[in-house]
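Visitor: I'll drop the sequence and a predicted model, then ask my questions.
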Amino acid sequence: MSTAAISLLTGSVARQTLAVTDGTAQLLEDLQFSLNEGACMEAASTGRPVLVADLQEGNEVPRWPLFAAAMLERA
């Protein structure tokens with residue numbers, strides 16, 4: 001399954017999800033915003049795109065331990 005989301009983060013605490021492909025993408029965005037880690041948060045802090053082929057099989061668990069645990073719990 002492929003999902004995508006586009007979010008806007010500013011220099012302040014303002015965050016807004018602009019578009020999602022489905023409910024899974026919305027859940028991922030909500031988790032990232034509440035846990036402050038994940039691909040969206042990394043892209044915002046580095047200024048570079050972060051593409052993840054497979055959240056369950058990738059190298060993201062060490063990078064985003066809270067987000068990865070929350071994802072596995074909901075999968």
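Guide: Received the coordinates, thanks.
Visitor: Going by C-alpha atoms from here, please, whenever you check contacts or count neighbours.
Guide: Fine.
Visitor: tell me the SS of V50?
Guide: Three-state call for V50 (DSSP: H, G, I helix; E, B strand; the rest coil): coil.
Visitor: Next, the contact list for it, please.
Guide: 39-40, 42-43 (Cα atoms under 8 Å, 6 or more residues apart in numbering).
Visitor: likewise R15?
Guide: By Cα under 8 Å, 6+ apart, the contact set of R15 is 7-9, 33.
Visitor: Out of the residues you listed, which end up buried?
Guide: Those of the contacts of R15 that meet the buried threshold are F33, by 16 or more other Cα atoms under 10 Å.
Visitor: ok, back up a step: just give me the closest of the contacts of V50 to N59.
Guide: A39 (11.8 Å; Cα to Cα).
Visitor: I6 versus the residue lying closest to the closest one once chain neighbours are set aside, what's the distance?
Guide: Distances taken as Cα to Cα, 6 or more residues apart in numbering put V50 closest to A39, at 5.6 Å, once the chain neighbours are dropped. Using Cα to Cα, to the nearest Å, V50 is found at 12 Å from I6.
Visitor: and if you look at S12?
Guide: 18 Å.
Visitor: Comparing the two, which residue is more hemmed in?
Guide: I6 (14 against 6; other Cα atoms under 10 Å).
Visitor: Dig out what that one forms beta bridges with.
Guide: A19 (DSSP bridges).
Visitor: does the spatially most distant residue from the centre of the chain sit in a helix or strand, and which one?
Guide: Most distant residue from the mean C-alpha position of the chain: S12, 18.6 Å away (Cα atoms, centre = their mean). For S12, there is no enclosing helix or strand under DSSP states H and E.
Visitor: V20: which of the contacts of R15 is nearest?
Guide: Nearest to V20 among these, with distances taken as Cα to Cα, is S7, at 8.8 Å.
Visitor: Other residues contacting the one helix or strand in the chain whose mean pLDDT sits lowest?
Guide: Taking mean pLDDT, DSSP states H and E as the measure, the chain has helix 60-63 as its least confident helix or strand, at a mean of 78. Helix 60-63 is contacted by residues 67-69 when judged by Cα under 8 Å, 6+ apart.
Visitor: just stretch 21-29 next, same as before
Guide: So stretch 21-29 is contacted by 3-5, 17, 20, 40, 71 (Cα under 8 Å, 6+ apart).
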